[in-house]
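In: Can you look at this prediction? I've put the sequence above it.
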Amino acid sequence: MPDPRPPTPGFEPLRTERFRLRALRAEDAPDLHRLVNDWDVAKMLARVPFPYPRPLADEFIASTHVSMAAGSAWHLAITGQEGESEVLVGCVGITRDPESRAAELGYWIGRRFWGHGAASEAAGRLLRWSLANLPIDRVVASALLENAASQAVLRRIGFRESGMGEREFVSLGGARPVRLFEARREDVGAPALAASGQKPILLVAACALIDADGRVLLARRPEGKAMAGLWEFPGGKLHAGETPEDALIRELHEELGIEVQTACLAPFAFASHADAAFHLLMPLYVCRRWTGRPQGREGQALAWVRPEKLSTYPMPPADVPLVALLRDLL
Ligand SMILES: Nc1nc2c([nH]c(=O)n2[C@H]2C[C@H](O)[C@@H](COP(=O)(O)OP(=O)(O)OP(=O)(O)O)O2)c(=O)[nH]1
(Lines give C-alpha, C1' and ligand atoms only; values in the text may rest on other atoms or scores of the structure.)
Protein backbone atom coordinates (compact mmCIF):
# COMPACT_ATOMS: atom_id res chain seq x y z
CA MET A 1 0.00 0.00 0.00
CA PRO A 2 1.62 3.23 -1.09
CA ASP A 3 -0.51 5.48 1.07
CA PRO A 4 -0.37 5.67 4.85
CA ARG A 5 -3.33 4.26 6.77
CA PRO A 6 -6.21 6.68 6.42
CA PRO A 7 -6.93 8.67 9.58
CA THR A 8 -9.13 6.79 12.10
CA PRO A 9 -10.98 7.74 15.31
CA GLY A 10 -9.37 10.26 17.42
CA PHE A 11 -10.15 12.15 14.23
CA GLU A 12 -8.68 15.62 14.58
CA PRO A 13 -11.54 18.07 13.82
CA LEU A 14 -11.21 20.11 10.64
CA ARG A 15 -11.70 23.82 11.04
CA THR A 16 -13.16 26.27 8.59
CA GLU A 17 -13.63 29.98 9.03
CA ARG A 18 -16.93 29.53 10.92
CA PHE A 19 -17.33 25.80 11.58
CA ARG A 20 -15.77 22.71 13.04
CA LEU A 21 -16.12 19.38 11.23
CA ARG A 22 -15.80 16.71 13.91
CA ALA A 23 -16.73 13.06 14.45
CA LEU A 24 -20.39 12.65 15.37
CA ARG A 25 -21.11 11.83 19.03
CA ALA A 26 -23.92 9.79 20.54
CA GLU A 27 -25.23 12.95 22.23
CA ASP A 28 -25.69 14.64 18.81
CA ALA A 29 -28.57 12.24 18.06
CA PRO A 30 -31.50 14.45 19.27
CA ASP A 31 -30.25 17.50 17.32
CA LEU A 32 -29.41 15.44 14.26
CA HIS A 33 -32.89 13.94 14.34
CA ARG A 34 -34.58 17.34 14.73
CA LEU A 35 -32.67 18.83 11.77
CA VAL A 36 -32.95 15.95 9.32
CA ASN A 37 -36.54 15.00 10.15
CA ASP A 38 -37.66 17.95 8.04
CA TRP A 39 -39.31 17.29 4.71
CA ASP A 40 -37.44 20.13 2.97
CA VAL A 41 -34.12 18.57 4.02
CA ALA A 42 -34.99 14.88 3.71
CA LYS A 43 -36.52 15.13 0.22
CA MET A 44 -33.16 16.20 -1.23
CA LEU A 45 -31.26 13.23 0.26
CA ALA A 46 -31.07 9.84 -1.40
CA ARG A 47 -30.68 7.65 1.69
CA VAL A 48 -32.77 9.47 4.27
CA PRO A 49 -36.30 8.21 4.99
CA PHE A 50 -39.11 10.58 5.93
CA PRO A 51 -40.35 10.60 8.61
CA TYR A 52 -36.95 9.85 10.07
CA PRO A 53 -37.32 7.44 13.03
CA ARG A 54 -35.57 8.73 16.14
CA PRO A 55 -33.59 5.46 16.78
CA LEU A 56 -32.12 5.75 13.28
CA ALA A 57 -30.14 8.78 14.44
CA ASP A 58 -28.42 6.62 17.10
CA GLU A 59 -27.79 3.81 14.62
CA PHE A 60 -26.40 6.19 12.00
CA ILE A 61 -24.01 7.83 14.48
CA ALA A 62 -22.77 4.43 15.70
CA SER A 63 -22.26 3.30 12.10
CA THR A 64 -20.12 6.37 11.35
CA HIS A 65 -17.67 5.28 14.05
CA VAL A 66 -17.40 1.81 12.52
CA SER A 67 -16.81 3.12 8.99
CA MET A 68 -14.29 5.70 10.19
CA ALA A 69 -12.35 3.01 12.07
CA ALA A 70 -12.39 0.87 8.93
CA GLY A 71 -11.12 3.79 6.83
CA SER A 72 -14.09 3.51 4.50
CA ALA A 73 -16.08 6.70 5.23
CA TRP A 74 -15.87 9.91 7.23
CA HIS A 75 -19.27 11.33 8.18
CA LEU A 76 -18.78 14.43 10.25
CA ALA A 77 -20.89 16.84 12.24
CA ILE A 78 -20.74 20.45 11.03
CA THR A 79 -20.86 22.50 14.19
CA GLY A 80 -20.88 26.21 14.83
CA GLN A 81 -20.75 28.38 17.90
CA GLU A 82 -23.70 30.36 19.23
CA GLY A 83 -22.41 32.26 22.24
CA GLU A 84 -20.96 29.64 24.56
CA SER A 85 -22.85 26.75 22.95
CA GLU A 86 -21.83 24.45 20.18
CA VAL A 87 -24.71 23.95 17.72
CA LEU A 88 -25.18 21.26 15.10
CA VAL A 89 -25.55 22.87 11.68
CA GLY A 90 -25.61 19.75 9.48
CA CYS A 91 -23.51 16.83 8.33
CA VAL A 92 -20.92 16.27 5.65
CA GLY A 93 -19.44 12.95 4.63
CA ILE A 94 -17.06 11.27 2.25
CA THR A 95 -17.27 7.57 1.39
CA ARG A 96 -14.51 5.69 -0.43
CA ASP A 97 -15.24 3.36 -3.28
CA PRO A 98 -13.35 0.17 -2.33
CA GLU A 99 -12.82 -0.69 -6.01
CA SER A 100 -11.16 2.50 -7.21
CA ARG A 101 -9.26 5.58 -6.13
CA ALA A 102 -12.54 7.51 -5.89
CA ALA A 103 -14.88 8.68 -3.15
CA GLU A 104 -18.34 10.22 -2.91
CA LEU A 105 -19.11 13.46 -1.11
CA GLY A 106 -22.49 14.23 0.45
CA TYR A 107 -23.86 16.84 2.86
CA TRP A 108 -26.97 18.42 4.29
CA ILE A 109 -27.59 21.58 6.26
CA GLY A 110 -30.40 22.15 8.79
CA ARG A 111 -33.02 24.51 7.34
CA ARG A 112 -32.43 27.18 9.98
CA PHE A 113 -28.85 27.56 8.65
CA TRP A 114 -29.64 27.78 4.94
CA GLY A 115 -28.54 30.76 2.88
CA HIS A 116 -25.26 31.50 4.64
CA GLY A 117 -22.79 29.46 2.60
CA ALA A 118 -22.46 26.73 5.25
CA ALA A 119 -22.58 23.87 2.72
CA SER A 120 -19.87 25.39 0.51
CA GLU A 121 -17.63 26.09 3.48
CA ALA A 122 -17.97 22.63 5.03
CA ALA A 123 -18.12 20.50 1.88
CA GLY A 124 -15.23 22.44 0.29
CA ARG A 125 -13.10 21.76 3.36
CA LEU A 126 -13.85 18.03 3.42
CA LEU A 127 -13.27 17.80 -0.35
CA ARG A 128 -9.80 19.38 -0.05
CA TRP A 129 -8.98 17.31 3.04
CA SER A 130 -9.98 14.10 1.27
CA LEU A 131 -7.87 14.68 -1.82
CA ALA A 132 -4.90 15.59 0.35
CA ASN A 133 -5.19 12.75 2.88
CA LEU A 134 -7.00 9.74 1.43
CA PRO A 135 -5.72 7.35 -1.26
CA ILE A 136 -8.03 8.84 -3.89
CA ASP A 137 -7.69 10.88 -7.10
CA ARG A 138 -11.33 11.69 -7.77
CA VAL A 139 -14.40 12.73 -5.80
CA VAL A 140 -17.90 12.37 -7.19
CA ALA A 141 -21.17 13.89 -6.03
CA SER A 142 -24.72 14.14 -7.31
CA ALA A 143 -27.70 16.40 -6.75
CA LEU A 144 -31.39 16.10 -7.63
CA LEU A 145 -32.08 17.83 -10.92
CA GLU A 146 -34.34 20.38 -9.22
CA ASN A 147 -31.87 21.04 -6.41
CA ALA A 148 -30.20 24.08 -7.99
CA ALA A 149 -28.78 25.27 -4.66
CA SER A 150 -26.81 22.06 -4.14
CA GLN A 151 -25.53 22.10 -7.71
CA ALA A 152 -24.32 25.68 -7.17
CA VAL A 153 -22.49 24.54 -4.02
CA LEU A 154 -20.73 21.76 -5.92
CA ARG A 155 -19.66 24.12 -8.73
CA ARG A 156 -18.47 26.73 -6.24
CA ILE A 157 -16.13 24.30 -4.47
CA GLY A 158 -14.52 22.98 -7.66
CA PHE A 159 -16.77 20.22 -9.03
CA ARG A 160 -17.41 19.93 -12.76
CA GLU A 161 -20.59 18.48 -14.19
CA SER A 162 -19.96 15.00 -15.58
CA GLY A 163 -23.42 13.99 -16.84
CA MET A 164 -26.90 12.97 -15.83
CA GLY A 165 -28.04 9.89 -13.99
CA GLU A 166 -30.82 8.40 -11.96
CA ARG A 167 -30.83 7.62 -8.29
CA GLU A 168 -33.12 5.92 -5.85
CA PHE A 169 -34.47 8.39 -3.25
CA VAL A 170 -35.81 6.67 -0.13
CA SER A 171 -37.71 9.79 0.95
CA LEU A 172 -39.34 10.19 -2.48
CA GLY A 173 -40.06 6.49 -2.81
CA GLY A 174 -38.42 5.92 -6.18
CA ALA A 175 -35.78 6.82 -8.76
CA ARG A 176 -35.26 10.48 -9.68
CA PRO A 177 -33.00 12.21 -12.22
CA VAL A 178 -29.79 13.64 -10.77
CA ARG A 179 -26.97 15.75 -12.10
CA LEU A 180 -23.58 14.07 -11.64
CA PHE A 181 -20.43 15.92 -10.66
CA GLU A 182 -16.77 15.10 -10.35
CA ALA A 183 -13.70 16.86 -8.91
CA ARG A 184 -10.06 15.98 -9.30
CA ARG A 185 -6.98 17.33 -7.61
CA GLU A 186 -6.35 19.90 -10.32
CA ASP A 187 -9.91 21.25 -9.89
CA VAL A 188 -9.52 22.10 -6.22
CA GLY A 189 -5.81 22.81 -5.73
CA ALA A 190 -4.24 26.13 -4.88
CA PRO A 191 -5.36 28.83 -7.31
CA ALA A 192 -3.52 28.59 -10.61
CA LEU A 193 -1.34 31.45 -11.77
CA ALA A 194 -3.18 33.81 -14.11
CA ALA A 195 -3.21 32.26 -17.54
CA SER A 196 -1.04 34.23 -19.91
CA GLY A 197 0.02 33.75 -23.49
CA GLN A 198 3.55 32.85 -22.49
CA LYS A 199 4.03 30.57 -19.54
CA PRO A 200 6.65 31.63 -17.00
CA ILE A 201 9.39 29.14 -16.15
CA LEU A 202 9.05 27.85 -12.60
CA LEU A 203 12.40 26.75 -11.24
CA VAL A 204 12.14 24.15 -8.46
CA ALA A 205 15.05 22.22 -6.92
CA ALA A 206 14.32 18.69 -5.69
CA CYS A 207 16.34 15.96 -4.05
CA ALA A 208 16.22 12.18 -3.87
CA LEU A 209 17.53 11.36 -0.41
CA ILE A 210 18.81 7.77 -0.46
CA ASP A 211 19.38 5.83 2.75
CA ALA A 212 21.86 3.05 3.48
CA ASP A 213 19.34 0.42 2.26
CA GLY A 214 18.94 2.16 -1.10
CA ARG A 215 15.47 3.49 -0.26
CA VAL A 216 14.30 6.88 -1.51
CA LEU A 217 12.48 9.43 0.63
CA LEU A 218 9.15 10.67 -0.74
CA ALA A 219 6.97 13.32 0.87
CA ARG A 220 3.25 13.73 0.43
CA ARG A 221 2.16 17.23 -0.64
CA PRO A 222 -0.01 18.58 2.20
CA GLU A 223 -3.48 20.12 2.00
CA GLY A 224 -3.39 23.72 0.79
CA LYS A 225 -0.68 23.14 -1.84
CA ALA A 226 -1.35 22.47 -5.49
CA MET A 227 -1.48 18.72 -6.18
CA ALA A 228 -2.05 17.97 -2.47
CA GLY A 229 -2.00 14.22 -1.83
CA LEU A 230 0.58 13.37 -4.48
CA TRP A 231 4.03 12.16 -3.46
CA GLU A 232 7.13 14.14 -4.43
CA PHE A 233 10.84 14.52 -3.92
CA PRO A 234 11.50 17.02 -1.13
CA GLY A 235 12.47 20.48 -2.38
CA GLY A 236 10.82 23.68 -3.49
CA LYS A 237 10.93 26.88 -5.49
CA LEU A 238 14.12 28.91 -5.73
CA HIS A 239 14.00 32.24 -3.93
CA ALA A 240 15.45 35.31 -5.64
CA GLY A 241 19.25 35.13 -5.76
CA GLU A 242 19.44 31.47 -4.66
CA THR A 243 21.32 28.74 -6.50
CA PRO A 244 19.46 25.41 -6.75
CA GLU A 245 21.84 24.00 -4.12
CA ASP A 246 21.18 26.92 -1.73
CA ALA A 247 17.43 26.44 -2.22
CA LEU A 248 17.65 22.71 -1.51
CA ILE A 249 19.75 23.16 1.60
CA ARG A 250 17.14 25.65 2.87
CA GLU A 251 14.14 23.53 1.86
CA LEU A 252 15.57 20.30 3.33
CA HIS A 253 16.13 22.12 6.59
CA GLU A 254 12.66 23.77 6.60
CA GLU A 255 10.68 20.75 5.43
CA LEU A 256 12.60 17.85 6.99
CA GLY A 257 14.84 19.35 9.67
CA ILE A 258 18.05 17.90 8.21
CA GLU A 259 21.36 19.59 7.35
CA VAL A 260 22.97 18.96 3.98
CA GLN A 261 26.28 20.19 2.55
CA THR A 262 26.56 21.41 -1.05
CA ALA A 263 29.27 18.80 -1.70
CA CYS A 264 26.78 16.02 -0.87
CA LEU A 265 24.26 17.14 -3.51
CA ALA A 266 25.03 15.29 -6.75
CA PRO A 267 23.20 16.62 -9.85
CA PHE A 268 21.35 13.65 -11.30
CA ALA A 269 18.62 14.56 -13.84
CA PHE A 270 16.00 17.19 -14.51
CA ALA A 271 12.30 17.44 -15.33
CA SER A 272 10.99 19.84 -17.96
CA HIS A 273 7.22 19.81 -17.86
CA ALA A 274 4.43 22.05 -19.19
CA ASP A 275 1.84 22.74 -16.50
CA ALA A 276 -1.41 24.67 -16.99
CA ALA A 277 -0.01 28.03 -15.89
CA PHE A 278 3.79 27.62 -15.99
CA HIS A 279 6.58 25.48 -17.37
CA LEU A 280 8.31 23.54 -14.63
CA LEU A 281 12.07 23.15 -14.79
CA MET A 282 13.24 20.96 -11.93
CA PRO A 283 16.78 19.77 -11.37
CA LEU A 284 16.82 16.58 -9.30
CA TYR A 285 19.81 15.94 -7.07
CA VAL A 286 20.78 12.74 -5.33
CA CYS A 287 22.00 12.91 -1.73
CA ARG A 288 23.28 10.06 0.42
CA ARG A 289 24.74 12.01 3.34
CA TRP A 290 23.03 14.40 5.70
CA THR A 291 22.79 15.03 9.41
CA GLY A 292 19.60 14.66 11.44
CA ARG A 293 16.61 12.38 10.98
CA PRO A 294 14.13 13.53 8.32
CA GLN A 295 10.77 14.50 9.83
CA GLY A 296 7.72 16.02 8.16
CA ARG A 297 7.94 19.47 9.77
CA GLU A 298 5.14 20.92 7.65
CA GLY A 299 2.65 18.16 8.48
CA GLN A 300 3.53 16.17 5.37
CA ALA A 301 3.64 12.35 5.48
CA LEU A 302 7.01 10.79 4.60
CA ALA A 303 7.81 7.36 3.18
CA TRP A 304 11.10 5.55 2.58
CA VAL A 305 10.44 3.67 -0.61
CA ARG A 306 12.30 0.82 -2.32
CA PRO A 307 13.20 1.69 -5.93
CA GLU A 308 10.95 -1.02 -7.38
CA LYS A 309 7.98 0.37 -5.39
CA LEU A 310 8.42 4.01 -6.44
CA SER A 311 6.01 3.76 -9.34
CA THR A 312 3.19 2.63 -7.02
CA TYR A 313 3.13 6.10 -5.40
CA PRO A 314 0.99 8.64 -7.25
CA MET A 315 3.37 11.52 -8.15
CA PRO A 316 3.10 14.73 -10.22
CA PRO A 317 3.39 13.99 -13.95
CA ALA A 318 6.77 15.79 -14.15
CA ASP A 319 8.27 13.16 -11.82
CA VAL A 320 7.36 10.09 -13.83
CA PRO A 321 10.48 10.10 -16.11
CA LEU A 322 12.66 10.84 -13.07
CA VAL A 323 11.37 7.78 -11.25
CA ALA A 324 12.39 5.54 -14.15
CA LEU A 325 15.90 7.06 -14.15
CA LEU A 326 16.23 6.63 -10.39
CA ARG A 327 15.22 2.99 -10.58
CA ASP A 328 17.99 2.45 -13.14
CA LEU A 329 20.50 4.19 -10.88
CA LEU A 330 19.59 2.15 -7.83
N1 LIG B 1 9.40 19.72 -4.40
C2 LIG B 1 8.88 19.18 -5.51
N3 LIG B 1 8.04 19.89 -6.31
C4 LIG B 1 7.56 19.26 -7.40
C5 LIG B 1 7.89 17.91 -7.70
N6 LIG B 1 7.27 17.56 -8.85
C7 LIG B 1 6.55 18.63 -9.27
O8 LIG B 1 5.82 18.72 -10.27
N9 LIG B 1 6.73 19.67 -8.38
C10 LIG B 1 6.11 20.97 -8.55
C11 LIG B 1 4.93 21.16 -7.62
C12 LIG B 1 4.89 22.68 -7.45
O13 LIG B 1 4.22 23.23 -8.56
C14 LIG B 1 6.35 23.05 -7.51
C15 LIG B 1 6.97 23.13 -6.15
O16 LIG B 1 6.34 24.14 -5.50
P17 LIG B 1 6.03 24.13 -3.95
O18 LIG B 1 4.84 25.02 -3.78
O19 LIG B 1 5.98 22.79 -3.39
O20 LIG B 1 7.34 24.82 -3.44
P21 LIG B 1 7.68 25.46 -2.04
O22 LIG B 1 8.06 24.36 -1.10
O23 LIG B 1 8.71 26.51 -2.35
O24 LIG B 1 6.29 25.99 -1.56
P25 LIG B 1 5.76 27.37 -1.06
O26 LIG B 1 6.76 27.89 -0.07
O27 LIG B 1 5.61 28.22 -2.30
O28 LIG B 1 4.44 26.96 -0.47
O29 LIG B 1 7.01 22.01 -8.24
C30 LIG B 1 8.75 17.18 -6.84
O31 LIG B 1 9.06 16.01 -7.02
N32 LIG B 1 9.22 17.86 -5.75
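Out: Perfect, thanks for sending it. Numbers count the residues shown, from 1 in each chain.
In: quick one: L248 and the ligand, what's the gap?
Out: 9 Å (C-beta to the nearest ligand atom, to the nearest Å). Just so you know, the C-beta spots here come from the backbone N, C-alpha and C atoms, and that holds for glycine as well.
In: ok now do the closest residue to that residue other than its chain neighbours, which residues does it touch?
Out: Nearest in space to L248, with sequence neighbours left out and distances taken as C-beta to C-beta, 6 or more residues apart in numbering, is A205 at 4.6 Å. In this structure, A205 makes contact with G235, G236, L238, P244, E245, A247, L248, E251, M282, P283, Y285, judged by C-beta atoms under 8 Å, 6 or more residues apart in numbering.
In: The first one and E251 touch, don't they?
Out: Yes. Taking contacts as C-beta atoms under 8 Å, G235 lies within contact range of E251: 5.3 Å.
In: How about the residue in the protein that sits furthest from its center?
Out: Distance to the chain centre peaks in the chain at A263, reaching 36.9 Å (criterion: C-alpha atoms, centre = their mean).
In: Inside helices: which ones of the contacts of A205?
Out: Helix and strand membership here follows DSSP state H; of these, those in helices are P244, E245, A247, L248, E251.
In: how far away is the closest residue to the second one other than its chain neighbours from P244?
Out: Closest residue to E245 apart from its sequence neighbours, by C-beta to C-beta, 6+ apart: T262 at 4.8 Å. According to C-beta to C-beta, to the nearest Å, T262 stands 10 Å off from P244.
In: Check Y313 too.
Out: 24 Å.
In: So which of the two has more stuff around it?
Out: Just comparing Y313 and P244: by other C-beta atoms under 10 Å the higher neighbour count belongs to P244, 22 against 18.
In: Let me see the contact set for that one.
Out: P244 is in contact with L203, A205, L238, P283, Y285, counting by C-beta under 8 Å, 6+ apart.
In: Please tabulate these in JSON lines, including the columns distance to the ligand and pLDDT.
Out: Formatted as JSON lines, the contacts of P244 follow (distance: C-beta to the nearest ligand atom, whole Å; pLDDT from 0 to 100):
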{"residue": "L203", "distance to the ligand": "9", "pLDDT": "93"}
{"residue": "A205", "distance to the ligand": "8", "pLDDT": "98"}
{"residue": "L238", "distance to the ligand": "8", "pLDDT": "93"}
{"residue": "P283", "distance to the ligand": "11", "pLDDT": "98"}
{"residue": "Y285", "distance to the ligand": "11", "pLDDT": "98"}
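In: Give me the subset of the residues you listed that lies in strands.
Out: With DSSP state E as the criterion, strands contain L203, A205, P283, Y285 from among the contacts of P244.
In: On the strand side of things, show who the residue nearest to L248 bridges to.
Out: Here A205 shows beta-bridge partners G236, assigned using DSSP bridges.
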